[in-house]
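>>> Next come a sequence and a model predicted from it.
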Amino acid sequence: MAGHIISILGGKGGVGKSIFTANFAISYLQEFKQRPLILDLDVNSLGDQNIILGQNPSKSIVDISKLQGVPMDQKTLNPFLVNSPVGYSYIGAPRDAILAKDLDVEGVGKFLKGITNLFNIVVVDCGSAMEPHIMKVLEYSTLIFVVTCADVIVINQTKRVLAKIQELLFPPEMVQIILNRYSASNLITPQVIQKNLGRGVFAAIPEDVGTCDSCLAKSTPVCVAMPGAQISRAYHDLVRKIQQVNMIENLARLNKPKININKQNTTNVISFDTGKSEGGIARSQNAILDSWTVMKLRIHKALVEQMDLKKTNTDTNDPNQRAVLRERTQKTILDVLNTEDTAGLLPTRELKAQMVKEVLDEALGLGPLEDLLADDNVTEIMVNARDQIYVEKLGRAQLSKVTFSSELQMMNVIERIVTPLGRRIDEKVPYVDARLRDGSRVHVIIPPLALRGPTITIRKFPKKRFLAKDLVDFGSMSDEISDFLRSCVEAKLNVVVSGGTGSGKTTLLNVLSNFIPTNERIITVEDSAELQLGQDHVVRLETRPKNIEGEGEVSIRDLVKCCLRMRPDRIVVGECRDGAALDMLQAMNTGHSGSMTTVHSNSPRECIGRLETLCLMAGIGLPSKAIKETIASAVNVIIQQNRLPDGARKIVAISEVAGMQGDVVTLQDIFLFKQEGLDKKRKIVGRFVPTGFIPKFVEEMEAKGMKISRGLFAAK
């Protein structure tokens, strides 16, 4: 009779999962007098189990995973095993991070498939990261223990591990919670943990720091060194409880998913054992997910198999190819849907159409985000977690009813965003800036940095290019200010748009860029290409992050230097956030008048200080006065764009950089937004007023033949 694999996962690093693994296996040995195999697959710990057990194996699981075409019998396995006099067998993890990279996931699967013919119980230390080889272990497991402790951060991270297991569609009864280092005096009780995790605590191992530390120092498990200790008795109680409820035998009958690891993009495709009945599959899934999601997953799986979407170019930029692919995919979904029993779940044509749309969006688009992207009233999408998505409408953030069905679905969407851009996101590079096909800006950050799971922030790009008239209609500026800014751009003044995050700097820069005459050569430099210029003579440059080897990065500063050699009439930099500010100022001072950029700051005066700080980041060691002189001679106009408390985005100040007075850069306000109160809807009421100051550059503009009414600047 084949044996069973018990996998032990840590809800977070440092919960005592490895010590639990060793003592659980040994308590099983002591109770039933059967030799267990302890397998250390926590490749990130690099041999913690060796210290706990006091072993020093010469070979590791990496060596076993490389065995090809060799039957897994006792003779084959003996060179890799450590057989302890205590009565257990042991296979360790590699003690070198470089060797750990050679672990063959499929080889691990073949090993696990054969090892249960040799051992009645295999206890696997799985670490706390859901890596491909760990998911392969879970596939062959009969029981999964998730070890947690009474700590708020640990419990939060344990929820993440449980959510990942849930995504993989394992039956919930397979997964049991172990509360480690339990103390009756702790404010976080098992009941509190149960409420937070949504499932009960199967067993609690008491806290006994002195005993554990003493045994660890001797490299001897507690159950061997001190079998009469309270903590040892707790391990034995746990083993007996498993036996009393026939847990292993009952769980062995469950239908578990098979997980195929896609080595190209680490996407996990979930399938089920075809030897089980369809009804059994549905029952297992329904225990975890709602019936709508279960059917959607089933249809999507069939779609992937029939169309082989992995080999289909779903990211083509050709609209005709996209339309053909979408039509073909929709037909296939309908064919699959016709094989389903939809009478109970999809009784109406509208519900069937909704199911087809959702599967289509997940197969070719961005899943549940597609509807939000199509909503013109939504300007920003903020995914805090898979089940919490906020959107910004009319300047106000509100919770959306849209959710992702799982973190796996989120990761598939993220891969679909970043892969066409040649960028990557994984545990080594857990954040990325990208853009959608329409130009919308995307920032993604994933665990372990994001504690609640993948987080996505999308700054939506308007479907139509905003013109100055649109900003006037929105109340962002007045007609007089629009005409004045047009004159500034046409007169080739150097302009800096200043503002905070989300204040509309890029939108305003886009509008200003479209004032540039069509006969001038424009070069744009951006982190993520967002500018939409109407002119033809435009070269667009975009930065590039480091590749997988940590090389090949191209920064904004590099691109600014490059564009100086490309004969630009105008240079437009999406945003200065580092030493590129110095190169931009140098360009403005060396014959590239009329250049524009944006800077994060809250006022024109603060903008000068921010530019100075950014120049210092260039690392050249220029004195402060020299930098200020460079700023004063390069920048002509600072436009301050703010987001007001009511959500409105307005130009609140336009200032001239008038020169230097001592060691201070002189600023002179030309126009200001004067707030006068609130209306009935709590919207800010105000007007744009000139200060009465006539900027010095007006005379230069008039000398070039431009007509500027002096009455425009008269104080009102």
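It's in.
>>> in the protein, which helix or strand is least confident?
Across the helices and strands of the chain, mean pLDDT, DSSP states H and E gives its lowest value to helix 278-286, namely a mean of 33.
>>> Toward the C-terminus, what is the element adjacent to it?
helix 291-307 (DSSP states H and E).
>>> Would you check that residue 53 makes contact with residue 38?
Yes: between residue 53 and residue 38 there is a contact at 7.1 Å, judged by Cβ atoms under 8 Å. C-beta coordinates here come from the backbone N, C-alpha and C atoms, glycine included.
>>> can you list residues touching both of those two?
Shared contacts of residue 53 and residue 38 (Cβ atoms under 8 Å, 6 or more residues apart in numbering): 22, 90.
>>> can you confirm residue 647 is in a strand?
No: assessed with DSSP: H, G, I helix; E, B strand; the rest coil, residue 647 is coil; it does not lie in a strand.
>>> Pull the contacting residues for it.
Residue 647 makes contact with 394, 395, 396, according to Cβ under 8 Å, 6+ apart.
>>> Give me the pLDDT value at the second one.
Among the per-residue scores, residue 395 holds a pLDDT of 75.
>>> any idea how far residue 373 is from the nearest residue to it once chain neighbours are set aside?
Leaving out its chain neighbours, the residue that sits closest to residue 395 by Cβ to Cβ, 6 or more residues apart in numbering is residue 647, at 1.8 Å. Between residue 647 and residue 373 the computed distance is 20 Å (Cβ to Cβ, to the nearest Å).
>>> contact partners of the longest strand along the chain?
Ranked by residue count, the top strand of the chain under DSSP state E comes out as strand 664-678. Contacts to strand 664-678, defined as Cβ under 8 Å, 6+ apart, come from residues 481, 484, 604-605, 608, 628, 631-632, 638, 646, 650-660, 684-691, 693, 695, 713.
>>> What strands flank the helix or strand where residue 39 lies, and is each parallel or antiparallel?
Here residue 39 sits within strand 37-40, counting by DSSP H and E. For strand 37-40, the pairing partners within the sheet under DSSP bridges are strand 89-91 (parallel), strand 121-125 (parallel).
>>> Let me see the mean pLDDT of the first one.
On average, the pLDDT along strand 89-91 is 93.
>>> swap in stretch 168-178?
The predicted model assigns stretch 168-178 a mean pLDDT of 84.
>>> Quick one: closest of the strands paired with strand 37-40 to residue 451.
strand 121-125 (23.5 Å; Cβ to Cβ).
>>> Give me the contact list for the closest one.
Strand 121-125 is contacted by residues 3-8, 17-18, 21-22, 24-25, 28, 34, 36-42, 49, 93, 112, 115-116, 137, 141 when judged by Cβ under 8 Å, 6+ apart.
>>> how far out from the middle of the chain is the longest helix along the chain?
Taking DSSP state H as the criterion, the chain has its longest helix at helix 319-338. In terms of Cα atoms, centre = their mean, to the nearest Å, the gap separating the centre of helix 319-338 from the centre of its chain is 29 Å.
>>> and it with helix 291-307, angle?
120 degrees (axes from the mean of the first three to the mean of the last three Cα atoms, to 10 degrees).
>>> Need the CA coordinates for helix 319-338. PDB is fine.
Extracted in PDB, the C-alpha atoms of helix 319-338 (Å, rounded to 0.1, in the frame of the first residue of the first chain):
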ATOM      1  CA  PRO A 319      -6.200  45.800 -34.700                       C
ATOM      2  CA  ASN A 320      -7.400  43.500 -37.600                       C
ATOM      3  CA  GLN A 321      -5.500  40.500 -36.100                       C
ATOM      4  CA  ARG A 322      -6.900  41.300 -32.700                       C
ATOM      5  CA  ALA A 323     -10.400  41.500 -34.100                       C
ATOM      6  CA  VAL A 324     -10.000  38.100 -35.800                       C
ATOM      7  CA  LEU A 325      -8.500  36.500 -32.700                       C
ATOM      8  CA  ARG A 326     -11.300  37.800 -30.500                       C
ATOM      9  CA  GLU A 327     -14.000  36.500 -32.900                       C
ATOM     10  CA  ARG A 328     -12.400  33.100 -33.100                       C
ATOM     11  CA  THR A 329     -11.900  33.000 -29.300                       C
ATOM     12  CA  GLN A 330     -15.500  34.000 -28.700                       C
ATOM     13  CA  LYS A 331     -16.800  31.200 -31.000                       C
ATOM     14  CA  THR A 332     -14.700  28.600 -29.200                       C
ATOM     15  CA  ILE A 333     -16.100  29.800 -25.800                       C
ATOM     16  CA  LEU A 334     -19.600  29.500 -27.100                       C
ATOM     17  CA  ASP A 335     -18.800  26.000 -28.300                       C
ATOM     18  CA  VAL A 336     -17.500  25.000 -24.900                       C
ATOM     19  CA  LEU A 337     -20.400  26.700 -23.200                       C
ATOM     20  CA  ASN A 338     -22.800  24.500 -25.200                       C
END
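>>> on that earlier part again, is it possible to mark the buried ones in the contacts of strand 121-125?
3-8, 17-18, 21-22, 24-25, 28, 36-42, 49, 93, 112, 115-116, 137, 141 (16 or more other Cβ atoms under 10 Å).
>>> Out of those residues, list just those in strands.
4, 5, 6, 7, 8, 37, 38, 39, 40.
>>> Report the secondary structure state of residue 502.
Taking three-state DSSP as the rule, one finds residue 502 in the coil state.
>>> what's the neighbour count on it?
Number of residues near residue 502 (other Cβ atoms under 10 Å) recorded here: 15.
>>> Residue 477 touches residue 650, doesn't it?
Yes: counting by Cβ under 8 Å, residue 650 is a contact partner of residue 477 at 7.2 Å.
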